[in-house]
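> Compute the structure for the input listed below.
(chains A and B)
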Amino acid sequence: MQTLHTTLLIIGGGPGGYVTAIRAGQLGISTILVEGQSLGGTCLNIGCIPSKALIHVAEQFHQTQQHSQHSALGISVSAPTLDIGKSVEWKDGIVDRLTTGVAALLKKNKVQVIQGWAKVIDGKTVEVGDTRIQCEHLVLATGSKSVNLPMLPIGGPIISSTEALAPKSVPKRLIVVGGGYIGLELGIAYRKLGAEVSVVEAQERILPAYDAELTQPVHDELKKLGVTLYLKHSVQGFDSKSNTLQVLAPNGDTLNLETDQVLVAVGRKPNTQGWNLEALGLAMNGASIKIDHRCQTSMHNVYAIGDLSGEPMLAHRAMAQGEMVAELISGKSREFNPTAIAAVCFTDPELVVVGQTPDEARAAGLDCIVSSFPFAANGRAMTLESKSGFVRVVARRDNHVIVGWQAVGVGVSELSTAFAQSLEMGAQLEDIGGTIHAHPTLGEAVQEAALRALGHALHL
Amino acid sequence: MGTHVIKMPDIGEGIAEVELSVWHVKVGDMVVEDQVLADVMTDKAMVDIPSPVHGKVIALGGQPGEVMAVGSVLISIEVEGAGNVKESTQPAAAVKEAPVAAPKVEAVVESKPVAAAAPRPAVCQGPLVAREANERPLASPAVRKHALDLGIALRLVRGTGPAGRVLHDDLEAYLAQGQSNASSVSSAYAQRNDEAQIPVIGMRRKIAQRMQDATQRAAHFSYVEEIDVTAVEELRAHLNEKHGATRGKLTLLPFLVRALVVALRDFPQINARYDDEAQVITRLGAVHVGIATQADIGLMVPVVRHAEARSLWDSATEIARLATAARNGKASRDELSGSSITLTSLGALGGIVSTPVLNLPEVAIVGVNKIVERPMVIKGQIVIRKMMNLSSSFDHRVVDGMDAAQFIQAVRGLLEQPATLFVD
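Down below sits the predicted model:
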């Protein structure tokens, strides 16, 4: 068995791990990164990126289909057909380019990448196959895995998001179990690709993590697209002979829903199993590893970042944590202290939440002004055929410092940048109201929401 | 109507100058006969100047702290009748009336706190906008990172930006203001720029002069010895129990006085005054023990005269009387001068070792340190004894080290075997 020595060892090559490695390389720290599958992790390979690619394909196909039927825009095309194999190939091309890019960046920064599954021996020792690696600092970045339901084991017609992102064909009928953002993003995409889609959700509304006002436009769009919602329904089991999903209705009846595929999307859990993490005996915070404001675990010089360290499980959080940990290891004084981490749902319409929602602000005891501006009054939204949705701002009543932004509407994911920036800079309503926002853009709704909070919206 | 002028009296033999310490009246006051007008001071004696007449104060002859010649005009009082000066001499006294004419010594104590009167300086701690205890300080990511680099806790920095936002400039200001306490600030006080000017006058000036004189002229040498006072303390407790009610309580001081008296019989060179100008040493048969005493106005040394002719209780009573008089500023000039050796004690604050300054022209001063219980080895056994140090200074110009050491050893022997204090 050969033994390697390094200052920093990172387990996991996802957004958390590879960013840690790049930054550590920049800082001249000798670094080894261990990845068992593909660089880029869930995000690049089976998560964020491929899902956005598939959503784009679905949207393009859906738009073309719309034009072939009744185009208000005056476009006339014949009914489109879909070669899903080519679509997946296109998506894989993007994933390839990105993962190859990550590998090149790691190489450029003199990070040694070791392919294989890590097995933790102790806080300073990890084995990969017959290689033993000794390190001074250990960063755990093994990400998360889809939560499985015992009565719906993945296989055959029962798929997880991973399989859903690499379809060989579009099923005629798809039932999505879970009305969270993953289930809805994929469910809407599949609907637009032509599948009959139903969503089973145990809670009384979709996207239960967000408030009802914010999710209503998504709810409306699902109806318009013809997605069947089974709210307050819970899954009982699957009969593979008849391809029926048994679902318990709120009135106690059991429904047998015929389907071709079942997508299980009931959330993700930290990946703590199968790599001998137990050897470290780290303090846990529920299912995730407990960390402090420097991502330090209960063991000296052992850090946990990203999904492994719990909610919010977002790639951009993992990256920021990784960058910080690398700087910390280089001897800098650092803390993970963001004001807000934006959360985006690429549903139709898109949904953005940054900072505190009105309910959260109230719960925190803040006296707040809440104000929203509808896209129905925004010129750019109209030219995008988007009339639903709004931008909402939450600001302290005493000093007008903005504590939260929410938006729902076509293309609002890009507004997350402005939202996060205004929160990090400590902007007041007057700052946003006094900033000239280009016309015609969706961003004008941001400015108008701030003006409306101050009592003088111009276009309402 | 006439004017009665009081001149600075001659209150000491051969003294040409007297310091005006305190005025008890001001211009315009009505005074009655025997009312105290002022305190003046010579050497270490404070003297009251009473009014011999009824009348109205029309002029003061000087400012407190001013050293005035004996015979100069101290105060002018308007009286019924003729007074004691002719009209023609009046203007001379009146000149002093103008308060601006006199102040050679600035008597105003500048203790007005600057911070209280002026607005707080721009650079200071604490938030401008009230922040809740757990509230995040408002600051941009760049400022937050910079604060971490500098090791500054943002919540301690006053934000001058909108809504109390902490700016880069605020970090700079915070650093400039408290380099030393950047990391552990909570106990720091606001920066102060006020100062207080205390004129060195009166007693303080005298003490300063005498201390400077003593340290510049005498060749101080200090000697410290440890003394087992268990036995003398037992004796003291016994005597207090037996006679305390009738004769008064004894402190350790009268025993020390007695020890000096007995020891000095064999060391006449220690009980002496050295006139270094005349180059004469005067050895005294009498033991006049100065007792250094802290009064409100400063250090005073009243003198227990002829300690050799006093009993323990006699000494104790005299020490108590003189200490009270000195503290009240009522000790006479005689009571404050003429010592041949000095005892200085800070009691419980006596510390372990001190280096007393000689009370010139004496050649010895004996300092008493505090009594503490200590484990001591006696005949191979560890026993708890009451121990006390004597820290003494001698004028090495005229006292040899061997003599001084032998003298203190004699004092020690007397105190450790208290019977020998009284039995030859």
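> CA-only coordinates of stretch B:204-222, as PDB, when you get a sec.
This file holds the C-alpha atoms of stretch B:204-222, laid out as PDB (Å, rounded to 0.1, in the frame of the first residue of the first chain):
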ATOM      1  CA  ARG B 204       2.200  69.700  49.000                       C
ATOM      2  CA  ARG B 205       4.900  72.200  48.100                       C
ATOM      3  CA  LYS B 206       6.500  71.800  51.500                       C
ATOM      4  CA  ILE B 207       6.400  68.000  51.300                       C
ATOM      5  CA  ALA B 208       7.800  68.100  47.800                       C
ATOM      6  CA  GLN B 209      10.700  70.400  48.800                       C
ATOM      7  CA  ARG B 210      11.600  68.400  51.900                       C
ATOM      8  CA  MET B 211      11.400  65.000  50.000                       C
ATOM      9  CA  GLN B 212      13.500  66.400  47.200                       C
ATOM     10  CA  ASP B 213      16.000  67.900  49.700                       C
ATOM     11  CA  ALA B 214      16.300  64.700  51.700                       C
ATOM     12  CA  THR B 215      16.900  62.500  48.700                       C
ATOM     13  CA  GLN B 216      19.300  64.900  47.100                       C
ATOM     14  CA  ARG B 217      21.400  65.600  50.200                       C
ATOM     15  CA  ALA B 218      21.400  62.400  52.200                       C
ATOM     16  CA  ALA B 219      23.100  59.200  51.100                       C
ATOM     17  CA  HIS B 220      20.100  56.900  51.800                       C
ATOM     18  CA  PHE B 221      20.800  53.300  52.600                       C
ATOM     19  CA  SER B 222      18.000  51.000  53.500                       C
END
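> List the residues that contact the spatially closest residue to residue B:297 that is not a sequence neighbour.
Excluding the flanking residues, the one nearest residue B:297 by CB to CB, 6 or more residues apart in numbering or on different chains is residue B:203, at 4.3 Å. The way it works is simple: take the backbone N, C-alpha and C, and place the C-beta from them, glycine included. Contact partners of residue B:203, counting by CB atoms under 8 Å, 6 or more residues apart in numbering or on different chains, are B:21, B:41, B:44, B:295, B:297, B:298, B:300.
> List the ones among the residues you listed that fall in helices.
The helices, defined by DSSP state H, take in nothing from the contacts of residue B:203.
> For residue B:24, which non-adjacent residue is spatially closest?
residue B:36 (5.1 Å).
> Quick check: bridge partners of the one you found?
In this structure, residue B:36 bridges to residue B:50 when assessed by DSSP bridges.
> From residue B:50, how far out is it?
From residue B:36 across to residue B:50, the span is 6 Å (CB to CB, to the nearest Å).
> what does the stretch 1-150 of chain B put close to chain A?
Residues of the stretch 1-150 of chain B found near chain A (CB under 8 Å from any CB of the partner chain) are B:129, B:136, B:138, B:139, B:140, B:141, B:144, B:145, B:148, B:149.
> so what's residue B:380 up against?
Under the criterion of CB under 8 Å, 6+ apart, residue B:380 has no contact partners.
> swap in residue B:224?
B:353, B:389, B:390, B:391, B:392.
> now do residue B:33
B:50, B:51, B:52, B:53, B:54.
> List, one by one, the residues from the stretch 151-300 of chain B near chain A.
So the stretch 151-300 of chain B meets chain A at B:151, B:161, B:162, B:163, B:164, B:165 (CB under 8 Å from any CB).
> run the last query once more with 10 Å
B:151, B:152, B:154, B:159, B:161, B:162, B:163, B:164, B:165, B:166, B:167 (CB under 10 Å from any CB of the partner chain).
> Helix, strand, or coil at the second one?
Using DSSP: H, G, I helix; E, B strand; the rest coil as the criterion, the local structure at residue B:152 reads coil.
> can I assume it is in contact with residue B:171?
Yes. At 6.1 Å, residue B:152 counts as touching residue B:171 under the criterion of CB atoms under 10 Å.
> circling back to that earlier point, overlap in contacts of residue B:36 and residue B:50?
With contacts taken as CB atoms under 10 Å, 6 or more residues apart in numbering or on different chains, residue B:36 and residue B:50 have residue B:24 as neighbours in common.
> and the longest helix for chain A?
Chain A, longest helix under DSSP H: helix A:84-108.
> Go through it and flag the buried ones.
A:84, A:87, A:88, A:91, A:95, A:98, A:99, A:102, A:103, A:105, A:106 (16 or more other CB atoms under 10 Å in any protein chain shown).
> quick revisit: so which of the residues of the stretch 1-150 of chain B next to chain A is the most crowded?
residue B:139 (27 neighbours; other CB atoms under 10 Å in any protein chain shown).
> what residues are up against that one?
A:337, A:339, A:424-426, B:145-147, B:154, B:157, B:159, B:161, B:164-168, B:170-171.
> my read: residue A:349 touches residue A:221, true?
Yes. Using CB under 10 Å, residue A:349 is in contact with residue A:221, at 6.2 Å.
> wait, what's in contact with residue A:339?
Residue A:339 neighbours (CB under 10 Å, 6+ apart): A:354-355, A:403, A:420, A:422-426, B:136, B:138-141, B:144.
> again, only this time at 6 Å
A:423, A:424 (CB atoms under 6 Å, 6 or more residues apart in numbering or on different chains).
> Give me the three-state assignment for it.
Assigned by three-state DSSP, the conformation of residue A:339 is coil.
> State the number of residues packed around residue 323.
You didn't pick a chain, so chain A it is. Neighbour count of residue A:323, defined by other CB under 10 Å: 20.
> Correction: the question concerned chain B.
Count around residue B:323 with other CB under 10 Å applied: 18.
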